[in-house]
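Trainee: Pasted the sequence and its predicted model underneath.
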Amino acid sequence: MQRVSFDLTAEYIELNQLLKLVGLCDSGGSGKVLVASGVVWIDGQQELRKTCKIRAGQNVSVGDVRITVVAA
């Protein structure tokens, strides 16, 4: 499993933007398609809301990639 750490500099980041910034997709629109396909999990729960708010302390999984969001 590949682990990625993301430093959050604001209160939250939208899920589709997080996927774009860590390099799992090319654009926010591609991130929305990825989320809609049902392969994104947040803290062990499947997530289908494309722009849900991700905050520090949460873990996002896509396939074999795990993103840990930490406060900067």
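Mentor: The structure has been received and is ready for your questions.

Trainee: Longest helix in the protein, please.
Mentor: Counting by DSSP state H, the longest helix found in the chain is helix 28-36.

Trainee: Okay, buried residues for it please.
Mentor: Across helix 28-36, burial judged by 16 or more other C-beta atoms under 10 Å covers 28, 31, 32, 34, 35. In this view, the C-beta of every residue, glycine as well, is placed from N, C-alpha and C.

Trainee: so how far is the helix or strand following that helix from its chain's centroid?
Mentor: Sequence-wise, the next helix or strand downstream of helix 28-36 (DSSP states H and E) is strand 40-42. Relative to its parent chain, strand 40-42 has a centroid offset of 7 Å by C-alpha atoms, centre = their mean, to the nearest Å.

Trainee: what does stretch 37-48 contact?
Mentor: 15, 19, 34-36, 52, 54, 58-63 (C-beta atoms under 8 Å, 6 or more residues apart in numbering).

Trainee: Check the closest residue to residue 35 other than its chain neighbours and give its pLDDT.
Mentor: Among residues not flanking residue 35 along the chain, residue 50 sits closest, at 4.6 Å (C-beta to C-beta, 6 or more residues apart in numbering). pLDDT recorded at residue 50 is 93.

Trainee: Also residue 1?
Mentor: Predicted confidence (pLDDT) for residue 1: 87.

Trainee: and the residue lying closest to it once chain neighbours are set aside, what pLDDT?
Mentor: Spatial nearest neighbour of residue 1, excluding adjacent residues (C-beta to C-beta, 6+ apart): residue 64 at 5.1 Å. Per-residue pLDDT puts residue 64 at 95.

Trainee: circling back to that earlier point, so can I have CSV of the buried residues of helix 28-36 showing pLDDT?
Mentor: Conversion of the buried residues of helix 28-36 to CSV gives the following (pLDDT from 0 to 100):
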residue, pLDDT
28, 87
31, 92
32, 94
34, 95
35, 96
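
Trainee: Okay, strands next: where are they in this structure?
Mentor: 2-8, 13-14, 40-42, 45-46, 53-54, 59-62, 65-71 (DSSP state E).

Trainee: can you redo those strands as TSV with mean neighbour count and distance to residue 24?
Mentor: As requested, those are exported to TSV (neighbours: other C-beta atoms under 10 Å; distance: least, C-beta to C-beta, whole Å):
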stretch	mean neighbour count	distance to residue 24
strand 2-8	12	9
strand 13-14	19	13
strand 40-42	19	9
strand 45-46	9	16
strand 53-54	18	13
strand 59-62	18	6
strand 65-71	15	6
